[in-house]
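Participant: I'd like to go over a predicted model; first the sequence, then the structure.
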Amino acid sequence: MLPTPKKFFLTAASAEGHNKLTAFDNALLAGRIGNINLIRVSSILPPGAEYDPGLSIPPGSLVPTAYGYIISDIPGELIAAAVGIGFSEDTFGVIMEFAGKCSQREAEARIEAMLREAFASRGMKLVDMKIAATEHRVEKIGCSLAAVPLWY
């Protein structure tokens, strides 16, 4: 059985690279998560998890992470990624991710709408939310990424 994460932070970053994989890697680095191994998870923040924006995770760690990203090789294209967490009063939270060909503002609006829907679907009261987003105008090959790493 895996332990339940106790800490988290939000990050969003964009970068260019010489190919799609290095654009993704450079966005990870810009978002402070380039030297860890992401284990993609779905969208639940554990009850009582503590927000720690300065969290430092040891290199090479296996890290449960909810994330979304987009990579484009169309010069001039606008891409964006966003992640958000909705908080309840006394139980778990919900994480939503989005990436698309749009502005940062549109990505943030989509996250907010998805969080509201997720809480309504669960019959839970949404008391607060945190959103991180980024946009990028592609030069050659660009990546926008947003993530919520969960840590112990």
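Facilitator: Received the coordinates, thanks.
Participant: contacts for the longest helix seen in the chain next, please.
Facilitator: Of all segments of type helix in the chain, defined using DSSP state H, the longest is helix 104-122. The list of residues contacting helix 104-122 from outside it, by C-beta atoms under 8 Å, 6 or more residues apart in numbering, reads 43, 80-86, 88, 94, 96-100, 102, 125-126, 129, 131, 133-135, 146. Heads up, the C-betas are built off the backbone N, CA and C, glycines and all.
Participant: after that helix, which helix or strand is next?
Facilitator: Of the helices and strands lying after helix 104-122 in sequence (DSSP states H and E), the nearest is strand 128-137.
Participant: and that following strand, what does it pack against?
Facilitator: For strand 128-137, the packing partners by 3 or more C-beta pairs under 8 Å, 6 or more residues apart in numbering; DSSP states H and E come out as strand 11-16, strand 78-87, helix 104-122, strand 142-151.
Participant: make CSV out of those and add distance to S61.
Facilitator: Listed next are the helices and strands packed on strand 128-137 as CSV, based on distance: least, C-beta to C-beta, whole Å:
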stretch, distance to S61
strand 11-16, 15
strand 78-87, 19
helix 104-122, 26
strand 142-151, 8
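Participant: between those, which one is nearest to P5?
Facilitator: strand 142-151 (3.5 Å; C-beta to C-beta).
Participant: CA-only coordinates of the closest one in PDB, if you can.
Facilitator: Taking Å, rounded to 0.1, in the frame of the first residue of the first chain, the C-alpha atoms of strand 142-151 are listed here in PDB:
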ATOM      1  CA  GLY A 142       7.000  25.000 -27.300                       C
ATOM      2  CA  CYS A 143       5.400  23.400 -24.300                       C
ATOM      3  CA  SER A 144       3.100  24.700 -21.700                       C
ATOM      4  CA  LEU A 145       2.600  22.600 -18.500                       C
ATOM      5  CA  ALA A 146       0.700  22.900 -15.300                       C
ATOM      6  CA  ALA A 147       1.000  20.400 -12.400                       C
ATOM      7  CA  VAL A 148       0.200  19.600  -8.800                       C
ATOM      8  CA  PRO A 149       3.000  17.400  -7.300                       C
ATOM      9  CA  LEU A 150       1.900  15.600  -4.100                       C
ATOM     10  CA  TRP A 151       4.600  14.800  -1.500                       C
END
